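Student: Based on what follows, work out the 3D shape:
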Amino acid sequence: MKHKKTVKLYNYWNELRGDLPAPRRSALDPQLISGLLGDLFILERKSPVEYSFRLAGTRLCSAYGRELRGQSFTRFWPECDRESIETLLYSVTEDATAAVVGIQAQSAAGNHLPLEMLLLPLFQDNGKLTRVLGGLVPLESAYWIGVDPLIRQSVRSLRLIWPDKKPARTPAPKKTVATPAAFGHASARRTAINLRVIEGGLSTKQPNRSAN
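Tutor: Take a look at the predicted model:
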């Protein structure tokens, strides 16, 4: 994880879950992560391959120049990346893994911006993993954010972080996913879905970065 906000969100989620594979949605306390709220979103799982924005922070909506609530998250991505995102979210909601996605975004005026996205599973009160807590932050300062809207983004790297507490769940589908070359980690192992998995906890090899 490269951004300090991503690390802070992961640490909050990790502490909140305690002995569970993931915390409950109702356990989230906005006051404890007030500085992150503008960059956060919550996804609702509609089906194994369809997720929609249930909530989206103000900075996130401003960056994209539109209200994201109620919109499809999976259709948010270009066709070439959609299967990878669907498979990643399947692992988050079936296996309670955390996921970090490196993104390259482009604005309407042609500006480019690297982003970091964190995806974290949440239990509903009925015990089902049908919610995903997400954070999306820029890795560089961009004066034009909120004025020149982001109109497209592509996946540059994907990582699964498998917490120490693992639920016994159905394995993800064994289908081939085009994984970016930027993958790679010394302690990673291959899964059946061709995603790299980091066993438990944060990666300490990347420096934190901050952005406005």
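
Student: if you count residues, which helix in the protein comes out on top?
Tutor: Counting by DSSP state H, the longest helix found in the chain is helix 79-95.

Student: State the mean pLDDT of that helix.
Tutor: Helix 79-95 carries an average pLDDT of 93.

Student: Buried residues, that helix. List them.
Tutor: Residues of helix 79-95 classed as buried: 81, 83-95 (neighbour count, 16 or more other Cβ atoms under 10 Å). Every residue, glycine included, has its C-beta placed from N, CA and C.

Student: In a markdown table, list those along with distance to Leu158.
Tutor: Putting the buried residues of helix 79-95 into a markdown table (distance: Cβ to Cβ, whole Å) gives the following:
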| residue | distance to Leu158 |
| --- | --- |
| Asp81 | 10 |
| Glu83 | 12 |
| Ser84 | 6 |
| Ile85 | 9 |
| Glu86 | 12 |
| Thr87 | 9 |
| Leu88 | 6 |
| Leu89 | 11 |
| Tyr90 | 13 |
| Ser91 | 10 |
| Val92 | 12 |
| Thr93 | 16 |
| Glu94 | 16 |
| Asp95 | 15 |
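
Student: Assign a three-state SS to Glu140, would you?
Tutor: For Glu140, the assignment made with DSSP: H, G, I helix; E, B strand; the rest coil gives coil.

Student: contacting residues around the closest residue to Ala27 other than its chain neighbours?
Tutor: Among residues not flanking Ala27 along the chain, Leu16 sits closest, at 5.8 Å (Cβ to Cβ, 6 or more residues apart in numbering). When contacts are counted by Cβ atoms under 8 Å, 6 or more residues apart in numbering, Leu16 touches 23, 27-28.

Student: Any chance of a ChimeraX selection covering the buried ones in these?
Tutor: Burial among the contacts of Leu16 is assessed by 16+ other Cβ under 10 Å; the matching ChimeraX selection reads:
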select :23,28
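
Student: Throw the contacts of Leu16 into JSON lines and include distance to Ala56, pLDDT and secondary structure, thanks.
Tutor: Output for the contacts of Leu16, formatted as JSON lines (distance: Cβ to Cβ, whole Å; pLDDT from 0 to 100; DSSP: H, G, I helix; E, B strand; the rest coil):
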{"residue": "Pro23", "distance to Ala56": "20", "pLDDT": "93", "secondary structure": "coil"}
{"residue": "Ala27", "distance to Ala56": "20", "pLDDT": "92", "secondary structure": "helix"}
{"residue": "Leu28", "distance to Ala56": "15", "pLDDT": "93", "secondary structure": "coil"}
